[in-house]
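> Let me see the structure of the following:
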Amino acid sequence: MAQNIYDIAEFYEGYSTLPRSVHGLSGAPEWPSVRELLPDIAGKRIVDLGCGFGWFAQWAAAQGATSVLGLDLSENMLAKARAETTHAGVRYERADLDTLTLPAAAFDLAYSSLAFHYVQDFCRLAGTIYRSLLPGSHFVFTIEHPIYMASASPGWMLRQQETRTWPVDHYAEEGERRTDWFAKGVVKYHRRLATTVNALVDAGFSIRHLNEWSPTSAQLEEQPALIDEMERPMILIVAAQT
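Numbers count the residues shown, from 1 in each chain. Prediction:
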């Protein structure tokens, strides 16, 4: 079973203070770029993998989705998602993405936000998702960029003249990474960009678009702290199709 870090009180309390936790999709600066890659939601049957507080599920239902199945490992996240959701077409279930099974040809869109870096066997999951989608369906997800999470000791480093750089050591050494973020020993899994893309291709997907996300000038003006994202990519956005 995957590490259920979101049900650890210390982590959950810290995570709940993030803008994306408080404000939902509007608090996620990458959301406008993600939204551009989504198909027309109306009439779609959607699976949301690692649904968290259910922000996307609620948005998709409001856009006319026929049904949305939100899956998450955390009871804390699911409890809040259920409490916040009023749309009858949305339902939530507890699931471990490392051992997930899905019905065949049951969905028109698979979506995930910043969840797959917690998954140990992405190749297996990609195959599971592919089989759950009808032909011509879409798969759109975000994940921590491998440049961001590759280092054994991530964090800004000072170089000469006090300029900062982000370490990319151990990039070719894929596998478990443990970091301290709101709680000690958070487990994630680093994969090279090629590994993620090839896993999708091997599963049968066609890649439609990759976005190594960075903020727009307007976002930088409104949120100067986003300048860090101009120095190294934190988020990778992927759009694929069956």
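
> remind me, longest strand of the protein?
Ranked by residue count and defined by DSSP state E, the top strand of the chain is strand 133-144.

> Give the buried residues for the worst-scoring helix or strand of the chain on mean pLDDT.
Across the helices and strands of the chain, the lowest-confidence element by mean pLDDT, DSSP states H and E is helix 9-15, at a mean of 83. Buried residues in helix 9-15, counting neighbours by 16 or more other C-beta atoms under 10 Å, are found at Phe11, Tyr12, Tyr15. All C-beta atoms are positioned from the backbone trio N, CA, C, and that covers glycine.

> what comes into contact with the longest strand of the chain?
Contacts with strand 133-144, where a contact means C-beta atoms under 8 Å, 6 or more residues apart in numbering, come from 30, 34, 37-39, 49, 105, 107-117, 129-130, 188, 196, 200, 205, 208, 213, 234-242.

> Write a ChimeraX command that selects only the buried members of the residues you listed.
Applying 16+ other C-beta under 10 Å to the contacts of strand 133-144, the buried members can be selected in ChimeraX as follows:
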select :30,34,37,38,49,107,108,109,110,111,112,113,114,115,116,117,129,130,188,196,200,205,213,234,235,236,237,238,239,240,241,242
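
> Put the alpha carbons of the longest strand of the chain into CSV.
Presented in CSV, the C-alpha positions along strand 133-144 are these (Å, rounded to 0.1, in the frame of the first residue of the first chain):
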residue,chain,number,x,y,z
LEU,A,133,-10.9,4.6,-21.5
LEU,A,134,-13.0,4.4,-24.6
PRO,A,135,-11.2,4.9,-28.0
GLY,A,136,-10.5,8.5,-28.7
SER,A,137,-10.7,9.5,-25.0
HIS,A,138,-8.4,12.0,-23.3
PHE,A,139,-6.0,11.7,-20.4
VAL,A,140,-4.7,14.9,-18.9
PHE,A,141,-2.6,15.1,-15.8
THR,A,142,0.0,17.1,-13.8
ILE,A,143,3.0,15.7,-12.0
GLU,A,144,6.0,17.1,-10.2
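
> Summarise which helices and strands the helix or strand just after it is packed against.
Next helix or strand after strand 133-144 toward the C-terminus (DSSP states H and E): helix 146-149. Other elements packing on helix 146-149 under the criterion 3 or more C-beta pairs under 8 Å, 6 or more residues apart in numbering; DSSP states H and E are strand 186-190.

> Partner strands of the strand it packs on and their direction?
strand 175-179 (antiparallel) (DSSP bridges).

> the helices in the chain, which residues?
Counting by DSSP state H, the chain has helices at residues 9-15, 19-22, 31-37, 55-62, 75-84, 122-132, 146-149, 193-203, 217-222.

> which non-adjacent residue is nearest Asp169?
Ser151 (5.1 Å; C-beta to C-beta, 6 or more residues apart in numbering).

> what's around Ser132, how many residues?
Counted with other C-beta atoms under 10 Å, the neighbours of Ser132 add up to 22.

> what pLDDT does the residue of the chain lying at maximal distance from its centre get?
Relative to the centre of the chain, the most outlying C-alpha is that of Gln161, 35.6 Å out, by C-alpha atoms, centre = their mean. If you check Gln161, the pLDDT there is 73.

> how much distance is there from the least confident helix or strand of the chain to the middle of the chain?
18 Å (C-alpha atoms, centre = their mean, to the nearest Å).

> All set, thanks.
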